[in-house]
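Fold the following.
(one chain, ligands or ions: 2)
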Amino acid sequence: METKTRIRKQALAARKITPESVRKQADLDIMKKVTGHPLFEEAKDIYCYASYQTEVDTYGIIEYALSREKRVAVPRVTGDGTMEFHYIQSVSDLSPGYQGIPEPVKRDPADTPEGLVIMPGVAFDAEGHRVGYGKGFYDRYLSAHPNYRRIAVAFESQMFDEIPADAHDLCPEYILTECAVYAVDTNIKISDKDETDEKIRKQQTEK
Ligand SMILES: Nc1nc2c(c(=O)[nH]1)N(C=O)[C@@H](CNc1ccc(C(=O)N[C@@H](CCC(=O)O)C(=O)O)cc1)CN2
Ligand SMILES: Nc1ncnc2c1ncn2[C@@H]1O[C@H](COP(=O)(O)OP(=O)(O)OP(=O)(O)O)[C@@H](O)[C@H]1O
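Residues are numbered from 1 along each chain as shown. Ligands and ions are numbered 1, 2, ... in the order given. Now for the predicted structure:
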């Protein structure tokens, strides 16, 4: 079996067998990392997927962004491999569409010069290589919007040692999981444990 296909199967299976209570806690930890991230704080327009099934839950992120007067746009599939983003005022503007995914009901196209994309994914590696559901929606969208900043969210169980790179792949700049922040350009992993160690070191030197 082709490697990406095998990784996709394995990552989806890992996500599906994770108990809901574990996923819910991880969702909260990831949401805190996203909403505390400088790219999120700076962004006026957030291009965020609306989660379904066992994906990292984005409803908390969307609601927080709306409460902070940010504009939130959500993807809507328009054709084979293409999608558009439309603004929503509230999560009640979403209703099941393509593959049962919540999509914006009203048309209010978002196409700002700048924005922050919160990317979904099925599997990632620390270098930012990504496997999605296999239709290339995000690769196409991001190649048409090269100025947009990019944060991916994933559970640690979706992180793989190595994912084969394709020329058309568009990598996130950061991958935020419940355990770590992966800074893709620098290839640095800052795990929560490292941050705790750093805080302890600081406290000790301040004493
Ligand atoms: N929430 C969400 N919205 C999104 C994406 C995404 O990954 N997540 N997309 C990113 O590209 C686009 C939709 N792409 C998709 C492409 C294929 C399948 C799909 O085949 N789903 C199957 C199998 C999933 C599974 O096994 O878990 C299904 O729903 O039955 C779903 C979405 C746009 N909107
Ligand atoms: N920028 C692009 N222009 C045209 N075709 C593309 C582009 N990017 C990807 N594709 C095509 O889309 C298909 C799926 O690509 P890939 O396997 O990378 O999807 P994926 O990243 O797993 O899925 P997704 O982006 O939907 O989550 C491939 O056939 C690929 O050739």
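
near ligand 2, which residues of this structure?
4, 81, 130-140, 143, 166, 168-169 (C-beta under 6 Å from any ligand atom). (C-beta placed from N, C-alpha, C; glycine too.)

By neighbour count, sort out the buried ones in the residues you listed.
Among the residues of the chain next to ligand 2, those buried by neighbour count (16 or more other C-beta atoms under 10 Å) are 4, 130, 131, 132, 136, 137, 138, 139, 169.

Nearest to ligand 1 among the residues you listed?
Closest to ligand 1 out of these is residue 137 (3.4 Å), distances taken as C-beta to the nearest ligand atom.

where does the closest residue to the closest one other than its chain neighbours fall, phi/psi-wise?
Nearest non-adjacent residue to residue 137, counting by C-beta to C-beta, 6 or more residues apart in numbering: residue 83, 5.1 Å away. Dihedral angles of residue 83 (phi, psi; degrees, to the nearest 10) stand at phi -140, psi 160.

Tell me how many other residues crowd residue 83.
Neighbour count of residue 83, defined by other C-beta atoms under 10 Å: 19.

what's the answer for residue 12, then?
17.

What of residue 156?
Residue 156: 14 neighbours (other C-beta under 10 Å).

now do the one 3 residues further on
In terms of burial, residue 159 registers 19 neighbours under the definition other C-beta under 10 Å.

just checking, residue 65 touches residue 72?
Yes: under the criterion of C-beta atoms under 8 Å, residue 65 makes contact with residue 72 at 5.1 Å.

out of the two, which sits in the busier spot?
Neighbours were counted for residue 65 and for residue 72 using other C-beta under 10 Å; residue 72 has more, 27 against 23.

Pretty sure the more buried one sits in a helix.
No: applying DSSP: H, G, I helix; E, B strand; the rest coil, one finds residue 72 to be strand, outside a helix.

Now residue 39. Nearest residue, chain neighbours left out?
Closest to residue 39 by C-beta to C-beta, 6+ apart is residue 149, at 5.1 Å.

Can you tell me how far the one you found is from residue 34?
12 Å (C-beta to C-beta, to the nearest Å).

ok, now which ones touch the residue nearest to residue 137?
Applying C-beta atoms under 8 Å, 6 or more residues apart in numbering, one finds that residue 83 lies in contact with 75, 76, 77, 137, 141.

among those residues, which are within reach of ligand 1?
Okay, of the contacts of residue 83 touching ligand 1 (C-beta under 6 Å from any ligand atom), that's 75, 77, 137.

Pick the one among those residues closest to ligand 2.
residue 137 (4.0 Å).

Tell me who's in contact with the closest one.
By C-beta under 8 Å, 6+ apart, residue 137 lies in contact with 75, 77, 81, 82, 83.

Can you read off the pLDDT for the residue in the chain positioned nearest to ligand 2?
Ranked by C-beta to the nearest ligand atom, the top residue of the chain for proximity to ligand 2 is residue 132, at 1.6 Å. In this model, residue 132 is scored at 96, pLDDT.
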